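Asks: would you be able to build a 3D model of this:
(one chain, ligands or ions: 1)
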Amino acid sequence: MIITLANFKMNKTLYDNKVWAEKFCELLFKGRKLSSKVGCAPSFPYIKTMKDVLIGTGIYVGAQNMYFEPKGAFTGEVSISQLKDLGIDFVIIGHSERRHIFGETDELIKKKVHSAASNGILPVLCVGETLEQRKSGKTLEIIEKQLEALEGAKNHIVIAYEPVWAIGTGIPATKEQIKEVVDFIREKSKKYIKDFSVLYGGSIDEKVAEEISDICDGGLVGSASLDPQKFYKICLAFDTV
Ligand code: 13P
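Replies: Below you'll find the model as predicted:
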């Protein structure tokens, strides 16, 4: 499955989200018909509005995070059942900003992947190495460890390779660097699940998307996705099916 997702991170107001949806739909429905999936992950408070605004468009709406317990005394957290209640289509899990700013561990991330998958929500598992890990030759070892989150999962899962050093820096990984890790992810993931897609994320623009569309199943887009026009062009570039 080819899929291109927008991760708005902690950006956009309610108004901005609605304007984005309106402009993106305009581009999507006036332009070439896409055969791949596209979606966006707004901040929690706007998920319901975006689901309502995008109803019937086929555009996925997802969450940027979740907690694995179904309910209980977990102040400030949001469970997958609550997100399911809003009708979300996917959930981003283990984003490097969650791992590095909020200290999420591989163990916690694994629980989240399982909670999402067992609730029928598509998990988008993010994996990626830091610059230090790359420089010390540990990239594949780190990725392999992070992929253990897939163990025991059955449904379709999206894996996003997002090298930490390429996120928000304007310096994407090279095609060779992406290919090496994406091929490795495909090989290792087979051990756990049959059905998966592998995306790339990290300073993607239209040019990067065109260049890597033959080696990835789509992209997870941060900064460029905030602009509906730029995101649409990236979706077009990945839509090679
Ligand atoms: P940028 O596209 O801003 O580098 O962010 C990538 C990302 O973190 C998507 O999840």
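
Asks: where along the protein do the helices fall?
Replies: Along the chain, counting by DSSP state H, helices occupy 14-30, 47-53, 80-85, 96-101, 106-118, 131-135, 139-146, 175-189, 206-212, 228-238.

Asks: give me the buried positions along the fifth one.
Replies: Put plainly, it is helix 106-118. 108, 109, 110, 112, 113, 114, 115, 116, 117 (16 or more other Cβ atoms under 10 Å). (C-beta placed from N, C-alpha, C; glycine too.)

Asks: tell me which of the residues you listed is nearest to residue 50?
Replies: residue 116 (18.4 Å; Cβ to Cβ).

Asks: separation between that closest one and residue 22?
Replies: Separation of residue 116 from residue 22 (Cβ to Cβ, to the nearest Å): 29 Å.

Asks: and for residue 55?
Replies: Residue 55 is 13 Å from residue 22, by Cβ to Cβ.

Asks: and for residue 44?
Replies: From residue 44 to residue 22 the distance is 21 Å (Cβ to Cβ).

Asks: need the residues of this protein near the ligand, please.
Replies: Contact residues (Cβ under 6 Å from any ligand atom) of the chain with the ligand: 7, 95, 162, 167-168, 201-204, 220-224.

Asks: give me the subset of those lying in strands.
Replies: Judged by DSSP state E, the subset of the residues of the chain next to the ligand located in strands is 7, 220, 221.

Asks: pLDDT score assigned to the residue of the chain found nearest the ligand?
Replies: Scanning the chain for the residue nearest the ligand gives residue 222, at 2.2 Å (criterion: Cβ to the nearest ligand atom). Note on residue 222: pLDDT of 98.

Asks: for residue 122, which non-adjacent residue is spatially closest?
Replies: residue 90 (4.0 Å; Cβ to Cβ, 6 or more residues apart in numbering).

Asks: OK, contacts around the closest residue to residue 20 other than its chain neighbours?
Replies: Ranked by Cβ to Cβ, 6+ apart and with sequence neighbours excluded, the top spatial neighbour of residue 20 is residue 228, at 5.3 Å. Residue 228 sits next to 20, 23, 24, 27 when contact means Cβ atoms under 8 Å, 6 or more residues apart in numbering.

Asks: now, of the residues you listed, which are buried?
Replies: 20, 24.

Asks: pick the one among the contacts of residue 228 closest to residue 60.
Replies: The nearest member of these to residue 60, counting by Cβ to Cβ, is residue 24 at 12.1 Å.
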